[in-house]
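J.: Fold the following.
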Amino acid sequence: MVRMSSEVVVYELTLKNELMVPLDARRVRPDEFIGKTLSEIKAIEVREGNTKVKLSELFDVTGPEKAPDDPNLIEIRLSGKGTNKIRYLGFKMAGGKIVVKGDIGPLAGYKMRDGSIVIEGNARGWLGAKMRNGTIEVFGNAADFVGGKLQGEEPGKGMKKGTIIIHGNAGSNVGAGMAGGTIIIEGNVKHLAGAKMCGGNIIIHGNCGRFAGARMTRGRVVVAGKIDGILPSFYVDSLI
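T.: Sure thing, here's the model as predicted:
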């Protein structure tokens, strides 16, 4: 058992072999672990491709014999080859912390309600999509639709609260349809940042592609670097 302090406990999940197909890991979250024994945690079902398997079939799982009843006292650490195939990590998580020692697949933090996710590598599309609260931090780059809504949904269906921090670059449609919360990009972003946003803040430390704020009704997009072009009704002196 690894302990960060006298209270918080850590569960280490290490992939036994490199993942070759997508892994739906929506049940890998602290609030799913609460009150369970180590054996029960190992028996949690995930979906590898179209096949249901137990967590212990794919991961070496180590940690205390019984998890606390409070998700905020649980940290989950994932590592191994193929973590970029893991999707839906932290789905609807309500507390605690998840650390990914590598890249992560799409829809990490989807509909997240609280807690924190730390990704030490890169993140694929729809990071923090539709999140309601919590914090996501990525030390690499992120793909398209960070904090956004799903395609085909109405504006305002993106993230509503919480904070997403990307230390690298991000793709297009950052914050598309978001209604609240804050997204901070320390690098550059591609086109359509803040498209159809209804609230919240997007802060871009680097450069931004075209059409930032397209069809936005509320909220704020701040670009500290260069921008490829602005749409009618926007003014250069309003950009930082």
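
J.: all contacts plus neighbour counts: C-alpha atoms, from now on.
T.: Fine.

J.: Now do the helix or strand hosting residue 13: which elements does it pack against?
T.: Per DSSP states H and E, residue 13 falls inside strand 9-15. Contact here means 3 or more Cα pairs under 8 Å, 6 or more residues apart in numbering; DSSP states H and E; on that basis strand 9-15 packs against strand 2-3, strand 59-62, strand 74-79.

J.: Run the angle between that strand and strand 74-79 for me.
T.: Put simply, strand 9-15 runs at 20 degrees to strand 74-79, going by axes from the mean of the first three to the mean of the last three Cα atoms, to 10 degrees.

J.: Strand partners (parallel or antiparallel) of the following helix or strand past strand 9-15?
T.: Next along the chain after strand 9-15, taking DSSP H and E as the criterion, comes strand 23-24. The strands beside strand 23-24 in its sheet (DSSP bridges) come out as strand 45-48 (antiparallel), strand 86-87 (parallel).

J.: by contact count, what packs against the next helix or strand after strand 23-24?
T.: As assigned by DSSP H and E, the chain's next helix or strand after strand 23-24 is helix 30-33. Judged by 3+ Cα pairs under 8 Å, 6+ apart, helix 30-33 is in contact with strand 74-79, strand 94-100.

J.: so how far is the shortest one off the chain centroid?
T.: From the chain centre to the centre of strand 74-79 is a distance of 14 Å (Cα atoms, centre = their mean, to the nearest Å).

J.: Likewise for stretch 97-109?
T.: With Cα atoms, centre = their mean, you get 6 Å for stretch 97-109.

J.: What's the per-residue pLDDT of residue 154 here?
T.: Here the pLDDT value assigned to residue 154 is 88.

J.: for the residue lying closest to it once chain neighbours are set aside, what are its contacts?
T.: Closest residue to residue 154 apart from its sequence neighbours, by Cα to Cα, 6 or more residues apart in numbering: residue 177 at 7.3 Å. Residue 177 sits next to 148-149, 154-159, 194-198 when contact means Cα atoms under 8 Å, 6 or more residues apart in numbering.

J.: Residue 208 too?
T.: 188-191, 193, 223, 225-228.

J.: neighbours of residue 80, just the number please.
T.: 18 (other Cα atoms under 10 Å).

J.: Give me the distance between it and residue 58.
T.: 11 Å (Cα to Cα, to the nearest Å).

J.: Quickly list what's touching both of the two.
T.: 15-17.

J.: Distance from the chain centre to stretch 223-233, please.
T.: Using Cα atoms, centre = their mean, the offset of stretch 223-233 from its chain centre is 26 Å.

J.: Settle this for me: residue 22 is touching residue 49, isn't it.
T.: Yes: in this structure, residue 22 is within contact of residue 49 by Cα atoms under 8 Å, at 5.5 Å.

J.: between the two, who's got more neighbours?
T.: Higher neighbour count among residue 22 and residue 49: residue 22, with 18 against 12, using other Cα under 10 Å.

J.: and the closest residue to that one other than its chain neighbours, backbone torsions?
T.: Leaving aside its sequence neighbours, residue 22 sits nearest to residue 85 (Cα to Cα, 6+ apart; 4.7 Å). Note on residue 85: backbone dihedrals following degrees, to the nearest 10 are phi -90, psi -10.

J.: For residue 85, give me its contacts.
T.: Contacts of residue 85 (Cα under 8 Å, 6+ apart): 19-23, 104-105.

J.: Ok, residue 218 next?
T.: Per Cα under 8 Å, 6+ apart, neighbours of residue 218: 197-200.

J.: how about 7 Å then?
T.: Residues near residue 218 by Cα atoms under 7 Å, 6 or more residues apart in numbering: 197-199.

J.: got those as a markdown table, with neighbour count columns?
T.: Output for those, formatted as a markdown table (neighbours: other Cα atoms under 10 Å):
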| residue | neighbour count |
| --- | --- |
| 197 | 33 |
| 198 | 24 |
| 199 | 25 |
